[in-house]
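J.: got a structure for you, letters missing:
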C-alpha cells in the first residue's frame, strides 16, 4: 500500500513538472523570447526546459516535455506561418527531434566517468541542443531538400550547404545559452529537492 501511494506521488510530481516545463516552453515561444535573432536564422532556447526536465526527472518526463514543445511548434507554424512552415507541419521535423532531446539529454547526463555535477549538466545541455539542431535540420534536409532550396531561392545541390550553414550559425549560440541556463537551474532545483 505504501509503495503504491509513493509511486502515485512520484507520477503526480512528474506530471506537474511536465506541465510546468511545457508552459515555460509555450510562454517562451508565444512571447518571442524563446528565439534569438541571428543574421541567417533564429536560434532557439525553447529546448532548454526539455533538457532540464530530462536531467531532473528522467527520459519519460523529457520526452513528454519535448512532445509538448513539438506540438506547440506545429500550432505556431499553423497560426503564424513562415517561409519554412511547410516543413514544421510534419511531426517528423517538429516533434520527433524534440522528443529525442529528452532521451539524449538524460543518458548523456548519466555518463559514469564525469564526476563534476556542473560538467555533467553542461554535457547534457550540449548534447540536447545538438539533438534539437541536428534532428530538426537533418529531417528538413532528408524530407524537404528540394522545397527548402526553392523557398530559399537556391539550387537543390546547394541545400545541404545552406542547411549546414544554418546549423553552424545557430548551434554555438544555442549551446552557450543552454549550458549557461541549465547548470544554475538544475543545481538550484536539486538543492531545493535535496536530490
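T.: Everything's here; your move. Remember, it's a predicted structure, so these values are computed and weren't measured experimentally.

J.: tell me, please, the helix or strand in this structure that averages the lowest pLDDT.
T.: strand 35-37 (a mean of 68; mean pLDDT, DSSP states H and E).

J.: show me the shaky parts of the chain.
T.: Per-residue confidence of the chain (counting by pLDDT under 70) places the weak regions at 1-10, 36-42, 195.

J.: go with 80
T.: Filtered on pLDDT under 80, the chain yields the residue ranges 1-11, 13, 29-30, 32-43, 193-195.

J.: and the residue sitting nearest the centre point of it, what is it in contact with?
T.: Compute the mean C-alpha point of the chain, and by CA atoms, centre = their mean the closest residue is residue 47, 2.7 Å away. For residue 47, the residues meeting the contact criterion (CB atoms under 8 Å, 6 or more residues apart in numbering) are 66, 69, 98, 101, 128, 129, 132, 174, 178. (C-beta placed from N, C-alpha, C; glycine too.)

J.: please point out which parts of the strand or helix carrying residue 120 sit buried.
T.: Residue 120 is part of helix 117-151 when elements are defined by DSSP states H and E. Of the residues in helix 117-151, 120-133, 135-137, 139-141, 144-145, 148-149, 151 count as buried by neighbour count, 16 or more other CB atoms under 10 Å.

J.: and if you look at stretch 26-38?
T.: 26, 28, 29, 34.

J.: which residues does that stretch contact?
T.: The list of residues contacting stretch 26-38 from outside it, by CB under 8 Å, 6+ apart, reads 25, 42-46, 49, 68, 72-73, 76, 169-170, 173-174, 177.

J.: of those residues, keep whichever come out buried.
T.: Neighbour-count burial (16+ other CB under 10 Å) is assigned, among the contacts of stretch 26-38, to 25, 43-46, 49, 68, 72-73, 76, 170, 174, 177.

J.: so of the residues you listed, which ones are in strands?
T.: Residues from those lying in strands, with DSSP state E as the criterion: 43, 44.
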